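>>> With the sequence up front, the predicted model follows.
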Amino acid sequence: MKARITITLKPGVLDPQGKAIEGALHALGFGSAGNVRQGKYIEVEVAEKDPARARAEVERMCKELLANTIIENYAYELEAA
Amino acid sequence: MKASVIVFPGSNCDRDAAVALEAAMGRPPAMIWHGDAELPQSDLIVLPGGFSYGDYLRSGAMAAHSPVMREVIKRAKAGTPVLGICNGFQVLTEARLLPGVLMRNATLKFICKDVHLRVERTDTRFTGRYEKGQVVKFAIAHKDGCYFADDDRLARLEGEGRVAFRYCDPQGNVSAHANPNGSRRNIAGIYNETGTVLGLMPHPERLADPALSGTDGAKMFKGLVEGLAA
């Protein structure tokens, strides 16, 4: 199965990169852009075919390495590879 | 006394740390490759600065899971002093030996300069040679040095006296102006619960010899050696 994992900063955690991106969008004339937050996107293929077990595996990957849960949230979707 | 310096792929201050340790100990430390699962008996373990694993994913995240770190974590929990400098501090937080996270500097820039720090405690193995409240000059060289912990965690750290160093001006004033990277409460270094694990972003080993235009950092190594050799 394929996992599409999105990692984002928790609300309230300062995101200077997001702020810089927002400033650049404004400079390009996108005055409506606001509250820009940036994050990471990771794809992982998991050999496990059982969705429940694959989900548990991806969950552990996120907690143990892919996200730092002190400052980041993670979310993922699983689909047949 | 025996010291070990852990070398990760991308470490670049391991030899500086070894030179400072040798000057203090009179003998060189063991250099331990990250892939080694075995760690010799050590009275002190140093995680040096650098860019382990190219800072991929998050600074220190990969190194925190390298084979030798399992042993380092075990030793640290058993009371062996561990000093993490710069990338070593990032590795210690990722390994959960120290709380909080080092995030991208608020300026988004890599900063390389000498900074002043206020010594918050002198009753630990690392700071016995300093005076309480003393202002010391160490060097910083990092892009991910902005210390973050949530309000509850910060309150607990302050309450337990676990802040080791704070960024300050040359007079010792801890101000926003003296904060180079946006760290919460100007925190430059913290201890674990027992004061035996220290992580700090500034580099004591870079100002540990008169030829390097400063010797404030040498006192950390001398103090450690005096305490551990006794």
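Yes, it's here.
>>> going forward, measure contacts and count neighbours with C-alpha atoms only.
Will do.
>>> need the residues of chain A near chain B, please.
A:16-17, A:65-66, A:68, A:70-71 (CA under 8 Å from any CA of the partner chain).
>>> Pick out the residue of chain A closest to chain B.
A:P16 (5.8 Å; CA to the nearest CA).
>>> B:A106 is in contact with that residue, correct?
Yes - assessed by CA atoms under 8 Å, A:P16 is found in contact with B:A106 at 5.8 Å.
>>> What distance do you get for the residue of chain A closest to chain B to B:R118?
Look at A:P16 and B:R118: by CA to CA, to the nearest Å, they are 26 Å apart.
>>> quick one: which of those two has more around it?
B:R118 (26 against 18; other CA atoms under 10 Å in any protein chain shown).
>>> any idea how far chain A is from that one?
25 Å (CA to the nearest CA, to the nearest Å).
>>> part of a strand, is that residue?
Yes - using DSSP: H, G, I helix; E, B strand; the rest coil, the assignment for B:R118 is a strand.
>>> Just list the residues touching it, thanks.
Going by CA atoms under 8 Å, 6 or more residues apart in numbering or on different chains, B:R118 touches B:133-136, B:165-168, B:172, B:174.
>>> and the closest residue to A:G39 other than its chain neighbours, helix, strand or coil?
Excluding its sequence neighbours, the residue lying closest to A:G39 (CA to CA, 6 or more residues apart in numbering or on different chains) is A:T8, at 4.6 Å. State at A:T8, reduced to three classes by three-state DSSP: strand.
>>> what pairs with A:T8 across the strands?
A:G39, A:N73 (DSSP bridges).
>>> count of residues packed around it?
A count of nearby residues for A:T8, using other CA under 10 Å, gives 19.
>>> what does B:Q90 give?
34.
>>> Got phi/psi on it?
Main-chain dihedrals, B:Q90, degrees, to the nearest 10: phi -60, psi -40.
>>> how about the strands of the chain, start to end?
All of this refers to chain A. A:2-9, A:39-45, A:72-79 (DSSP state E).
>>> that's the wrong chain, I wanted chain B
Going by DSSP E, chain B shows strands at B:3-7, B:30-33, B:44-47, B:82-85, B:101-103, B:111-119, B:135-142, B:146-148, B:163-168, B:187-191, B:197-200.
>>> okay, those in CSV with mean pLDDT next?
CSV is the format used below for the strands of chain B (pLDDT from 0 to 100):
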stretch, mean pLDDT
strand B:3-7, 98
strand B:30-33, 97
strand B:44-47, 98
strand B:82-85, 98
strand B:101-103, 97
strand B:111-119, 98
strand B:135-142, 98
strand B:146-148, 98
strand B:163-168, 98
strand B:187-191, 98
strand B:197-200, 98
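>>> a markdown table for these, including distance to B:G227?
Below are the strands of chain B laid out as a markdown table (distance: least, CA to CA, whole Å):
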| stretch | distance to B:G227 |
| --- | --- |
| strand B:3-7 | 13 |
| strand B:30-33 | 19 |
| strand B:44-47 | 11 |
| strand B:82-85 | 14 |
| strand B:101-103 | 29 |
| strand B:111-119 | 18 |
| strand B:135-142 | 20 |
| strand B:146-148 | 29 |
| strand B:163-168 | 18 |
| strand B:187-191 | 17 |
| strand B:197-200 | 15 |
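>>> So which of the strands of chain A is nearest B:L224?
strand A:72-79 (35.7 Å; CA to CA).
>>> Could you name whichever residue is most remote from the centre of chain A?
Distance from the C-alpha centroid of chain A, by CA atoms, centre = their mean, peaks at A:G29 (27.0 Å).
>>> highest average neighbour count across the strands of chain A?
Mean neighbour count (mean count of other CA atoms under 10 Å in any protein chain shown) peaks for strand A:2-9 among these, with a mean of 19.
>>> what's the angle from it to strand A:72-79?
160 degrees (axes from the mean of the first three to the mean of the last three CA atoms, to 10 degrees).
>>> Next up, the contacts around residue 3.
As the question left the chain open, I've gone with chain A. Applying CA under 8 Å, 6+ apart, the residues near A:A3 are A:43-46, A:58, A:76-79.
>>> was after chain B, sorry
B:A3 neighbours (CA under 8 Å, 6+ apart): B:21, B:29-30, B:42-46.
>>> who's it bridged to?
B:L44.
>>> burial of B:H177, as a residue count?
Neighbours of B:H177 under the rule other CA under 10 Å: 12.
>>> The one 3 residues further on now?
Other residues near B:P180 come to 21 when the count uses other CA under 10 Å.
>>> between the lowest-mean-pLDDT helix or strand in chain B and strand B:3-7, how big is the angle?
Between all helices and strands in chain B, the lowest mean by mean pLDDT, DSSP states H and E belongs to helix B:218-229, at a mean of 94. Interaxial angle, helix B:218-229 versus strand B:3-7 (the same axes, to 10 degrees): 120 degrees.
>>> Perfect, I'm done here.
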